[in-house]
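> Coordinates only, no sequence provided:
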């Protein structure tokens, strides 16, 4: 223990008992059991770790997979050590939740001397170096920030230089950048405003992130978890829904695993899009005029966009100059390094600047262009600019900048073993907060509820291991179909699952094959909602000729697209025979493919009646399926012959599909005989 050599790692999930192997105490003088540590999520690794992740396809997270896997294979010589901090502060920011947590710790001076008022961080720009001053209540204000006497500033605040806060505002637990403009009667709590953000009068925002140049029109409401990217404009009196991500960029549909944050922040530069500056000038002009024109003799600061809009001569000139200005603005906003990534179009930047100016003439001039851009009005409101970036519903409350919903979940376990399996399966490797764990458990509960509803609210026994493996292979294959994986990547995904579950290639081939067949029918009940659109909406009536042709056409399409992948998992003739036996089992709705009886017309279940038919829909075309598998070289003739020979000695009840295939088997036999006769005739002619 003096070297802090880790022997065992397990995530602590509240009030539970731990079971430790007695072998942990063997050949060791002393062992410490620590349950009072919080993981910083910082790992210093040797270069070999990258190779280990490459070799082990089932490794997804550092803590849950790599650490546990390495500790279980200590005989290979790999060791893990831990460094325990006594008085220092360390944390890794890997999502918005951790960003918020670390920011609050800095404001609360837990990381002293790394606090704002030491002013050790270099800043450039119009306001010069950092000049924060500390005040009671963990407030940090730069010298050039201005705040109205009637504004109420709560605890845990950081306000940058050049920021102005108008009358009647209430702000607490916020970090506000430089050059921001906050109008009258705004309510901010737990928000992060980057440089140049403009909030008009009576704006309410809670636990949100507003990037540079964002403009929020009067009376708008920003709900918790919202992220507004660079240059986004929110319309008047509009409410942005919780956990919404809005950007001036349209989301790319990529096959790479690049997250939305990586795409957005990699392409974003250091300066705002310009819309915030124009809007700030407009808000200041309006506030000045409402105060009685005390500075009437002084011309307010006007951006290039304002100057262009105020002159009719400029408007009558060629619009190419405005296009060039917008293009250069977009270039400066997103930097040279963003050329190959996602950035807003020059037209989107130009329209956003006009909408953010609060000038009705400018807004009317770009109305047609705004309509052509088709901004997501339901997210940004009328007069807003931006597109939504959809994210996974499960990840929203866990990784959001807003606190997760604190809902209690009542669990009951049949045994201690089941409780242990649930606890171990819930570890996500983030080592984060208790609130995050509650959110995960709640998400799991909601998933279980949805699954129960899909089954018609009927109680079912726990799934057996074979059924679970069938569903895991199915989910993995469906993800490859949905995300259009290349064949080599699909092989890697499925091979990783094979290694993790200690299965054979034939086991994977069986359920890849049945998943291909299931895509020809409505989705089974176990399929999650994100993959259901991949399935057919109806089940053809295979008792009719038209229905048979439709079903075979669908299967042929799947075989054409994924037949090569299936062949790569069929390594021998025995594997092919196993596949034919699985086909029999699937067409008979037996074993793991067993389904409930077809639902009545007046049943209240949400499962389509066609989905309960299952593989039995393929039973009338069994021989045709053999023909397609043979023609596409998935199954060889020797495997079909071996399968038929094996069935000859089975009971009569198990010869149903052999009898259905009698004509095809006879054709194969005749073709072999004719081929043998032709070859003998050729040999005779050569002699």
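That came through fine. Everything numeric in this text was worked out from a predicted model, so none of it was measured.
> show me where pLDDT drops low in the stretch 1-150 of the chain?
1-3, 11-16, 55-60, 64, 69, 71-77, 124-125 (pLDDT under 70).
> any idea where the strands of it begin and end?
In the stretch 1-150 of the chain, the segments counted as strands under DSSP state E, counting those that start in this stretch are 132-135, 139-142, 146-147.
> Would you mind giving those strands as JSON lines with distance to residue 96 and mean neighbour count added?
Where C-beta positions appear, they are placed from N, C-alpha and C, glycine not excepted. Converted to JSON lines, the strands of the stretch 1-150 of the chain look like this (distance: least, CB to CB, whole Å; neighbours: other CB atoms under 10 Å):
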{"stretch": "strand 132-135", "distance to residue 96": "23", "mean neighbour count": "15"}
{"stretch": "strand 139-142", "distance to residue 96": "21", "mean neighbour count": "22"}
{"stretch": "strand 146-147", "distance to residue 96": "27", "mean neighbour count": "16"}
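> Which of these sits closest to residue 104?
Among the strands of the stretch 1-150 of the chain, the nearest to residue 104 by CB to CB is strand 139-142 (12.8 Å).
> doesn't residue 542 fall inside a strand?
No: the assignment for residue 542 by DSSP: H, G, I helix; E, B strand; the rest coil gives coil, which leaves it out of any strand.
> wait, isn't it in contact with residue 617?
Yes: here residue 542 reaches residue 617: they are 5.1 Å apart, a contact under CB atoms under 8 Å.
> how long is stretch 135-145 from one end to the other?
Stretch 135-145 has an end-to-end distance of 14 Å (criterion: CA to CA, to the nearest Å).
> again but with stretch 473-491, I slipped
12 Å.
> ok so, going back, I'd like to know which of the strands of the stretch 1-150 of the chain lies nearest to residue 654.
Among the strands of the stretch 1-150 of the chain, the nearest to residue 654 by CB to CB is strand 139-142 (78.8 Å).
> now for the closest one, which elements pack on it?
Secondary-structure packing of strand 139-142 (3 or more CB pairs under 8 Å, 6 or more residues apart in numbering; DSSP states H and E): strand 132-135, strand 157-159.
> So which of residue 542 and residue 617 has more stuff around it?
Neighbours were counted for residue 542 and for residue 617 using other CB atoms under 10 Å; residue 617 has more, 23 against 20.
> So the more buried one sits against residue 550, correct?
No: taking CB under 8 Å as the definition, residue 617 is not a contact partner of residue 550, at 10.6 Å.
> got any residues that touch both of those two?
residue 540 (CB atoms under 8 Å, 6 or more residues apart in numbering).
> re earlier: export the helices and strands packed on strand 139-142 as CSV, with columns for distance to residue 363.
Output for these, formatted as CSV (distance: least, CB to CB, whole Å):
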stretch, distance to residue 363
strand 132-135, 37
strand 157-159, 30
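> Find the nearest non-adjacent residue to residue 166, please.
Nearest non-adjacent residue to residue 166, counting by CB to CB, 6 or more residues apart in numbering: residue 184, 4.4 Å away.
> burial count for the one you found?
The burial count assigned to residue 184 is 21, neighbours taken as other CB under 10 Å.
> ok so it is a strand residue?
No: counting by three-state DSSP, residue 184 is not found in a strand; it is coil.
> Was I right to think it contacts residue 164?
No: with contacts counted by CB under 8 Å, residue 184 stays clear of residue 164, the gap being 11.2 Å.
> Looking at the helices and strands packed on strand 139-142, which is nearest to residue 354?
Judged by CB to CB, the one of those that comes nearest to residue 354 is strand 157-159, at 29.1 Å.
> Name every strand pairing with that closest one and say which way it goes.
strand 139-142 (parallel), strand 174-176 (parallel) (DSSP bridges).
> List of residues touching the shortest one?
Outside strand 174-176, the residues within contact range by CB under 8 Å, 6+ apart are 103, 107, 156-160, 163, 182, 188-193, 197.
> Can you check the pLDDT for the nearest residue to residue 239 once chain neighbours are set aside?
Of all residues not flanking residue 239 in the chain, residue 221 sits nearest, at 4.3 Å (CB to CB, 6+ apart). Note for residue 221: predicted pLDDT of 95.
> Please apply the same query to residue 499.
Predicted confidence (pLDDT) at residue 499: the value is 87.
> and the host helix or strand of it, which residues are buried?
Using DSSP states H and E, residue 499 maps to helix 487-501. Judged by neighbour count using 16 or more other CB atoms under 10 Å, the buried positions of helix 487-501 are 490, 491, 493, 494, 495, 496, 497, 498.
> Tabulate those in CSV, adding columns for distance to residue 248.
Formatted as CSV, those follow (distance: CB to CB, whole Å):
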residue, distance to residue 248
490, 35
491, 39
493, 34
494, 39
495, 41
496, 38
497, 39
498, 44
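> got the contact list for the residue nearest to residue 166?
Residue 184 neighbours (CB under 8 Å, 6+ apart): 166, 167, 168, 169, 201, 202, 287.
> where's residue 250 relative to residue 388, distance?
Distance of residue 250 to residue 388, given as CB to CB, to the nearest Å: 10 Å.
> next one: residue 533
Distance from residue 533 to residue 388, counting by CB to CB: 19 Å.
> In terms of neighbours, single out the busier of these two.
Neighbour tally, residue 533 and residue 388, criterion other CB under 10 Å: the higher count belongs to residue 388, 18 against 9.
> what's the more buried one in contact with, if anything?
Contact analysis of residue 388 by CB under 8 Å, 6+ apart lists 244, 245, 246, 251, 376, 379.
> where does the stretch 451-600 of the chain dip in pLDDT?
For the stretch 451-600 of the chain, applying pLDDT under 70 flags the ranges 451-463, 596-600.
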